[in-house]
Structures are given as C-alpha cells and as structure tokens.
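Trainee: predicted model follows, preceded by the sequence.
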Amino acid sequence: MKRAMMVSAAAFALLGGLWGCEQMKMMMGGDMSMMSPYLPEDKVMAMKKMMMTMPPDTLEASVERGKKLFNDTSLGMNKSGQSCASCHSEGGTVGGASEMEWKGMKMKVAIPTLKGAAPHFPKPMGPMKAVVTLGGMNNMCVMTFLKGMPLDLNSQAATDLTAYVTTFSEGRRLEPGAMKIVPMPVPGAM
C-alpha cells in the first residue's frame, strides 16, 4: 500500500501545483511523512551541471517558444485537436463555456480572457478550490479541455508557455487570488 501511495504522490506532484498540501494529506490518509519537497541530490547535481553548460537564453526567445506551444494542436499529446488559441485567440476569449466532468458530474466552465489574468495567480481554482500557479492553471486546461498530459512545471516548455501567457497581462498590477475575468458570463457556469 505504501508503494502505491508513493506512486500516487509522485503522480500528483507531476500535475504541478494542482493539489495543495491539505488535498494531498486527505488523499494520503493524513500521512505526509514519506514525502519531501526537495529534489534528490543526484537530480540537484544534474541540474547544476546542466545550468553551467546551457547556452544563454532570452525572455523574447522563451515567449516565442511559448507562442508556438499556445498554438500547437498537439500540446500535451492532446486528444481534442485544439490548441490554447482555440478558446483564447490572441489571449482573449471566444466566450461561452466549455463542459468538463468532475467526480462523474458534468459542469460548465466559463471561458475567461487571458488578458490581465496572469497577475491573479496563485489563486484557488476548480471545484476543489485548490491553490494553483499560472503554470498549474495551464496544466489544468491542457488536461481538462485539451484532454492532454500536463507539462512538467520544471520543463522549458512549461516555462515558455507561462512566459507567453504572461504577456497578455503586460502592465497589469499583481492581484493574487483575484476572480477570473469573464467578459460574457454564462448562466450556470463556474
């Protein structure tokens, strides 16, 4: 049972911020003693080596890579054939709501604009109101609406996608926890 729980914990960690500590405690039956928030020493050494040998990068290059991912219909090996841009053309919203399933129930989720959204993270999201980062929210959308696999939040791809999504909020003031921006509310949608 402990091995299965460790696999579950690793799977939730992979979701990148979708679950808070309290949700993990509930899922693990209250026992968090086997989990550590730190990387193993071998991974730390590998990261140090990589950082010392990698070529310089620029924010502009990261944003460009993120833009490609945002428009990629295969992001996260998704099964929908859509991209982030399908619902958020140029960072806006197509309006309306998208249907999602949670615990066997279908529900509507209003499609927000991304313009001005980045400074609102971290904040509680989803039916469980788990506190997520912008990268975690990107993963939630990839999994829920694109029907894909979440990005490793320590990957260059996750960083690049977050960098691009953040450009839709240029000049906005930080407001962690603020409500999502839904220009055209849909009755009955979260």
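Mentor: Thanks, I have it.

Trainee: any idea how far Glu64 is from Gly148?
Mentor: Counting by Cβ to Cβ, to the nearest Å, the separation of Glu64 from Gly148 is 21 Å. All C-beta spots, glycine's among them, are computed from the backbone N, C-alpha and C.

Trainee: nope, Met50 is what I was after
Mentor: 26 Å.

Trainee: looking at Glu64 and Gly148, which is more packed in?
Mentor: Gly148 (19 against 13; other Cβ atoms under 10 Å).

Trainee: residue ranges for the strands of this protein, please.
Mentor: Taking DSSP state E, the strands of the chain run over residues 97-102, 105-110, 123-125, 130-132.

Trainee: please identify the most buried of those.
Mentor: strand 130-132 (a mean of 20; mean count of other Cβ atoms under 10 Å).

Trainee: and that one, which strands flank it?
Mentor: strand 123-125 (antiparallel) (DSSP bridges).

Trainee: tell me the mean pLDDT for the strand it pairs with?
Mentor: The average of the pLDDT scores along strand 123-125 is 89.

Trainee: still on that earlier bit, out of the strands of the chain, nearest to Ser89?
Mentor: Proximity to Ser89 (Cβ to Cβ) singles out strand 97-102 among the strands of the chain, at 14.4 Å.

Trainee: appreciated, that's everything.
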